[in-house]
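K.L.:
let me see the structure of the following:
(chains A, B, C and D)
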2 protein chains.
Amino acid sequence: MKTLSIKDIAVQANVSITTVSFIINGKAKEKSISEAVIEKVEKIIEESGYKPNQIARSLRTGNSNIIGLIIEDISNSFFSRIARLIEDKAYKRGYKIIYSSTENSVDKAKELINMFKSRKVDAYIISPIKGIEEDINMLLTDNKPVILFDRNLPNVDTNYVGADHFNASYQSIESFIKQGKKNIALVTTDIDVQQITERYDGYKKALEDNGITYSDDLVVKIHFNQEEAETISQIKTLLESKKIDAVLFATNYLAISGLKVLKQINKKIGDEFAVIAYDDHEAFELHTPSISTVQQPLEEIAETVIKLILSQLSSKTKLENQQVIIPAKLIIRD
Amino acid sequence: MKTLSIKDIAVQANVSITTVSFIINGKAKEKSISEAVIEKVEKIIEESGYKPNQIARSLRTGNSNIIGLIIEDISNSFFSRIARLIEDKAYKRGYKIIYSSTENSVDKAKELINMFKSRKVDAYIISPIKGIEEDINMLLTDNKPVILFDRNLPNVDTNYVGADHFNASYQSIESFIKQGKKNIALVTTDIDVQQITERYDGYKKALEDNGITYSDDLVVKIHFNQEEAETISQIKTLLESKKIDAVLFATNYLAISGLKVLKQINKKIGDEFAVIAYDDHEAFELHTPSISTVQQPLEEIAETVIKLILSQLSSKTKLENQQVIIPAKLIIRD
DNA sequence: CTGAAAGCGCTTACAG
DNA sequence: CTGAAAGCGCTTACAG
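P.N.:
Prediction:
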C-alpha cells in the first residue's frame, strides 16, 4: 500500500494541490475556499486516513514542530521526571520532544546540538555543561529559542529556568545548625557546573554566617564518572574518620551511595547524626528513618520552560531573556 | 548567517552538486571521483562546518536514521533505564532514538504511531498495549521493522524481546514455599497486558504445583491510573485483614507503595513475613531489611532489541520473526 | 474563488 | 571522471 500524498487527495477531489494544502492548514476561510469544496476535501482526507508528510513540510517551511531536549542522563530520575512533564505539556500544545543524554561529555553534547540542528528542531531546551557556550551562541545567532534549565552558563545570554540552589543549600545547613550540629560535611561532585557550585557556596556561606569555620576536610568531591564502589569507599573514609554530626548530599545519587555506606558501617541516622539529600527520590521517604530532602519544583520548572519556549516561538520579535529562579523546598522528615 | 547548502559547497569547490553528494555519502571511490577533487571538497566541508540537511535527505531517500521508541512512561525507572541503554547502543550505530510515553492510553499510542509514521522513522520499538494491534499490523504491511519488547501482543506477528515473566514469578513463589510460607499474596495491576498476566499465571501455577489452594482473596489487582493514596489503602486492607506470610509485588512501583504500607502499620519483614518485588529499584537494596527482587536483564534486552532492528534494517529480504525470551534473575537479599 | 509553478536541499539514474 | 536534471511532498507568492 503506497502512502498517500497531497496530490492523491487533490486528484480524488478534483481540485488543485494548492486548495488541499490551504484546507489542511486551516487557511481555507482566509483564502475564501467555498464551503462545498472544503467539505468534500475534508471528507476525502478523513476517509482515506491521509496524513501530511511532516518531512516535506519541514523542508519547505524550515520548522518541524519538534523541540530538542538535551539532558545529562535520562536514567537519572530527576531528568526522567522533568522530561516526562515537559513532553506532556509540549504534546498538548502540538509539539513533540526529541531528547538525548549527553552523559556529561562535551563532545556528545556538541554532536547532539548538530544533529538537532540538521533535523531543524524549532527550539532547544538544554541542561548544559561547560564547553558548549559557543555552540549555544550559534543557535542564538540563528534566532533559535534556547532555554537553559537546571544549570546556567555564565557566558551565554539566553533564558534560564532553575531552582534556587544557593538558598536551598544554605537553608539545609541552617537547619542542621539549629539542631545544634557543629561538624557538618558536604558530599558533592566535581562537575564544574553552576548548580553544583551554588550548592557548595550555600554550604560555605551558611557556615560562615553562623560562626562555624569552614574546613576542606569536611567536603568530599566525588568524581563524576567513576564506579559506585569507588564513591562508596570515599564516602566511607569521610564518615568513619571524622567526627561528623551532619551531612548534606548534593545530589540524590550521592545520597543513595551515602545511605549504603551508613548501612555498611552501621551508623544510625538520629539525634546524633543528621542527613539531608538534594533532590528527592522514592527511596528517601521509605528509608528507616525517612530522609529529609531538598525538593526541586519539577512541575513549575517544566511549566515555565514550556511557557518561555512557546512565547518565543509565537513571537515575531526577539523577546527579552528571562532568568527564572524558583525556590526549592526543604522537606524535613523524621 | 545563512546555513550552508550542498550547492554552496559545490560552487566553492567548483564542482557539481552531484560530485559533492557522492563524496559526502562515501560513494566517491565507487563513482571514481579523482583524489584531488575528493580532497578539495572534503577540505571545504571541513572548514565551512557544513552539515547536510537531514530533512531534505529524508524526503528524498524515504528514511530518517531515526528509530521510534514507544513506552508506557519514561518516568518509570524500568523504562528510563532501558531507554538510556537503547539510545546509547543505537547512537553508536548511527541511529537516533525519538521516544514518547503512551501513559497507557490507546489513543495516545495510536497518535504516536501516526506521528512517527509521518516523520518517517525507519523502525519501531514498542512496549505495546492492547488495542493497537491493527496500527502495528499496518506498519508491518508497510515493511517497517517493528520490535515489541517487555510485552507481547498475541495477534501481531512480529519480533518480540522480553523476560520470562512466567518463570520469574513461578520461582519467586517457589522460594517463598521453600521458606515454609503458606499464605502467599500477590499484588498486581489490572492492566491487561501479557507480561502482567504471565506473572499472575506463574503465581497460580507455583501454588498449584505445590499443593497450595489458590484463593482470590489473596490477590489484589490495583487499578492502573489511580492515586497512590488509593493504592496504599487497598494494600493496607489486604495486609491488615488476612493472615499473610509472604507477598509478591508484580511491579516495582506497587512494591514501593507496599513498603510504605508496611511502614505505616509497622509490620516488619523478617522470618514471619517475606516480600519479593518485581523489577529492581534503588530503594530495595537500601531498605531495612533489603528487599529481594526479580531483576530483568535490561542490558541484554536492550542489546537484543537493537540487534534485531539493525539486522532487519540492513537486510533486503524480509527476515523471519524472532521471539526472544530472556530469563529474569531472582535476587534474594536479607 | 481557485490553480500553475517555483522552490526547500537533497539523491540518483542517466548521459557523456 | 563528472554533471544536468528529475523528483521526494509539501507551501506560498503570484496570477487570474
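K.L.:
what angle sits between the helix or strand bottoming out on mean pLDDT in chain A and strand B:96-101?
P.N.:
Lowest by mean pLDDT, DSSP states H and E among the helices and strands of chain A is strand A:96-101, with a mean of 85. With axes from the mean of the first three to the mean of the last three Cα atoms, to 10 degrees defining the directions, strand A:96-101 sits at 120 degrees from strand B:96-101.
K.L.:
is chain B within reach of strand A:96-101?
P.N.:
Yes: judged by Cβ under 8 Å from any Cβ of the partner chain, strand A:96-101 comes into contact with chain B at A:96, A:97, A:98, A:99, A:100, A:101. The C-beta positions use only the backbone N, C-alpha and C, and glycine is treated the same way.
K.L.:
next helix or strand past that strand?
P.N.:
Remark: after strand A:96-101, the chain's next helix or strand is helix A:106-118, criterion DSSP states H and E.
K.L.:
counting contacts, what elements does that next one pack onto?
P.N.:
The helices and strands touching helix A:106-118, judged by 3 or more Cβ pairs under 8 Å, 6 or more residues apart in numbering or on different chains; DSSP states H and E, are strand A:66-71, strand A:96-101, helix A:133-141, helix B:54-61.
K.L.:
what's it in contact with?
P.N.:
Outside helix A:106-118, the residues that touch it by Cβ atoms under 8 Å, 6 or more residues apart in numbering or on different chains are A:68, A:70, A:98, A:100-102, A:124, A:128-132, A:135-136, A:139, B:51-55, B:96.
K.L.:
could you look up the SS state of the closest residue to residue A:137 other than its chain neighbours?
P.N.:
Sequence neighbours aside, residue A:156 is the residue nearest to residue A:137 in space, at 6.4 Å (criterion: Cβ to Cβ, 6 or more residues apart in numbering or on different chains). Secondary structure assignment for residue A:156 (DSSP: H, G, I helix; E, B strand; the rest coil): coil.
K.L.:
repeat for residue A:8
P.N.:
Residue A:8 is classified as helix under three-state DSSP.
K.L.:
tally of neighbours for the residue nearest to residue A:137?
P.N.:
21 (other Cβ atoms under 10 Å in any protein chain shown).
K.L.:
report the contact partners of it.
P.N.:
So residue A:156 contacts A:128, A:133, A:136, A:137, A:140, A:146, A:148 (Cβ under 8 Å, 6+ apart).
K.L.:
please identify the helix or strand for the last one.
P.N.:
Read that as residue A:148. Assigned by DSSP H and E, residue A:148 belongs to strand A:146-149.
K.L.:
could you tell me how many residues sit around the residue in chain A that chain B sits nearest to?
P.N.:
Of all residues in chain A, the one sitting closest to chain B is residue A:283 (3.5 Å; Cβ to the nearest Cβ). Counted with other Cβ under 10 Å, residues neighbouring residue A:283 total 23.
K.L.:
near DNA strand D, which residues of the stretch 51-200 of chain A?
P.N.:
A:52, A:53, A:56, A:57, A:59, A:60, A:61 (Cβ under 7 Å from any atom of the strand).
K.L.:
any bit of whichever strand or helix holds residue A:254 sitting next to chain B?
P.N.:
In this structure, residue A:254 sits in helix A:252-265 according to DSSP H and E. Yes: using Cβ under 8 Å from any Cβ, helix A:252-265 reaches chain B at A:256, A:259, A:260, A:263.
K.L.:
now flag whichever of these is closest to DNA strand C.
P.N.:
Using Cβ to the nearest atom of the strand, residue A:256 comes nearest to DNA strand C of these, at 45.8 Å.
K.L.:
per-residue pLDDT of whichever residue of the stretch 101-250 of chain A sits closest to DNA strand C, please?
P.N.:
Ranked by Cβ to the nearest atom of the strand, the top residue of the stretch 101-250 of chain A for proximity to DNA strand C is residue A:118, at 8.1 Å. With respect to pLDDT, residue A:118 scores 84.
K.L.:
before we move on, what about the one 4 residues further on?
P.N.:
At residue A:122, the model reports a pLDDT of 92.
K.L.:
ramachandran angles for the closest residue to it other than its chain neighbours?
P.N.:
Excluding its sequence neighbours, the residue lying closest to residue A:122 (Cβ to Cβ, 6+ apart) is residue A:63, at 4.8 Å. Per-residue torsions, residue A:63: phi -130, psi 170 (degrees, to the nearest 10).
K.L.:
can you tell me how far residue A:63 is from residue A:119?
P.N.:
Separation of residue A:63 from residue A:119 (Cβ to Cβ, to the nearest Å): 11 Å.
K.L.:
neighbour count for these two, which is higher?
P.N.:
A count of neighbours by other Cβ under 10 Å puts residue A:119 above the other of residue A:63 and residue A:119, at 23 against 14.
K.L.:
residues near the closest residue to that one other than its chain neighbours, how many?
P.N.:
Residue nearest to residue A:119 in three dimensions, not counting chain neighbours: residue B:54, with 5.2 Å by Cβ to Cβ, 6+ apart. Residue B:54 has 21 neighbours, counted by other Cβ under 10 Å.
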